[in-house]
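**Q** Dropping the sequence and predicted coords here.
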Amino acid sequence: MIVGKLIIISAPSGSGKTTLCNFLLKKINNLNFSISATSRSSRPNEIDGKDYYFLSLMEFKKKIEKNEFIEYEEVYENVFYGTLNSELKRLWDLNKIILFDLDVKGGINLKKMFPEKTLSIFIKPPSIKILEKRLELRESESKKTIKSRINKAKKEILFSEKFDVIITNDNLENAKKNLLRSVLNFI
Ligand code: ADP
Ligand code: 5GP
């Protein structure tokens with residue numbers, strides 16, 4: 001397998017990762033999204049095999065046993081997310097630059113595996129209060145889930161310095177501009 005370039009985007013849930021990843025994918029032709037596997041259930045607008053490979057908890061654990069993941073994390077209690085080796089092979093065989101949307105631990109770990117080939121980017125919310133508001137407005141999570149995501153976000157922000165680039169997503173247009181500039185410089 002020939003190793004190509006990797007762009008990793010990590011951020012607390014609700015910081016704007018999906019919005020910013022979709023923007024990058026539209027702007028850069030040769031960039032393709034790494035579709036992760038997850039044991040969480042799909043949201044109404046999500047498509048299996050496009051947004052995620054949705055697996056049952058049992059199926060996910062079987063793949064862990066068979067060493068099918070290059071990295072995986074139990075991001076929330078009993079909710080697993082991971083990058084399949086087969087997904088990397090699929091995209092690198094097509095000569096694609098791969099864009100990853102990973103939790104902070106996963107992002108730091110994958111960067112360590114391919115240090116020279118990877119640009120790791122942390123998307124920072126302007127504040128925890130604004131992050132909470134954005135999650136409420138998105139209406140995709142229950143109050144309880146939002147609370148657990150906010151608690152996790154506070155810890156994740158402490159790791160932002162471990163990334164190559166930090167982009168604050170305050171004004172969306174500015175964040176897009178800064179992100180695109182960093183990625184184009186790297187590739
Ligand atoms: P993530 O993928 O990190 O969970 P999303 O991209 O889904 O985050 O963004 C969370 C919510 O915040 C979405 O409803 C999105 O439209 C909104 N959002 C993203 N960036 C901004 C911004 N700069 N200003 C205001 N709202 C934003
Ligand atoms: P969501 O449920 O909001 O789609 O994602 C929750 C969290 O899981 C996000 O922080 C996202 O970046 C992370 N995530 C998604 N896919 C992967 C993956 O393959 N590996 C890791 N480590 N985290 C992932």
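**A** Right, received. Where do you want to start? Ligands and ions are numbered 1, 2, ... in the order given.
**Q** C-alpha from now on. contacts and neighbour counts both.
**A** OK.
**Q** Where do the helices of the chain begin and end?
**A** 17-27, 57-65, 85-93, 104-113, 128-138, 143-157, 172-186 (DSSP state H).
**Q** Which stretch among those helices is buried most, on average?
**A** helix 104-113 (a mean of 18; mean count of other C-alpha atoms under 10 Å).
**Q** is any part of that helix close to ligand 1?
**A** No. Helix 104-113 lies out of reach of ligand 1 by C-alpha under 6 Å from any ligand atom, never closer than 11.6 Å.
**Q** any idea how far ligand 1 is from P12?
**A** 6 Å (C-alpha to the nearest ligand atom, to the nearest Å).
**Q** Also V183?
**A** In terms of C-alpha to the nearest ligand atom, V183 sits 18 Å off from ligand 1.
**Q** How about the contacts made by that residue?
**A** 7, 119 (C-alpha atoms under 8 Å, 6 or more residues apart in numbering).
**Q** 10 Å instead?
**A** 7, 24, 28, 119-121, 165 (C-alpha atoms under 10 Å, 6 or more residues apart in numbering).
**Q** can you pull the pLDDT of N169?
**A** With respect to pLDDT, N169 scores 95.
**Q** same deal with Y76?
**A** The model reports Y76 with a pLDDT of 84.
**Q** List the beta-bridge partners for it.
**A** Beta bridges link Y76 to V79, judged by DSSP bridges.
**Q** Relative to I167, how far out is L20?
**A** 11 Å (C-alpha to C-alpha, to the nearest Å).
**Q** any common contacting residues for the two?
**A** Applying C-alpha under 10 Å, 6+ apart, one finds that L20 and I167 are jointly contacted by 123, 175-176, 179.
**Q** Closest one of those residues to N151?
**A** Of all these, N151 sits closest to I123, with 16.8 Å by C-alpha to C-alpha.
**Q** For that closest one, which residues are in contact?
**A** I123 is in contact with 9-13, 15-17, 20, 157, 160, 163, 165-170, 175, 179, counting by C-alpha under 10 Å, 6+ apart.
**Q** just the buried members of those residues?
**A** Neighbour counting over the contacts of I123 (16 or more other C-alpha atoms under 10 Å) leaves 9-13, 15-17, 20, 157, 160, 163, 165-170, 175, 179 as the buried ones.
**Q** avg pLDDT for stretch 36-44?
**A** Stretch 36-44 comes out at a mean pLDDT of 94.
**Q** what separates that stretch from the chain centre, distance-wise?
**A** Here stretch 36-44 is found 13 Å from its chain centre; the criterion is C-alpha atoms, centre = their mean, to the nearest Å.
**Q** I'd like the mean pLDDT over stretch 58-68, please.
**A** 98.
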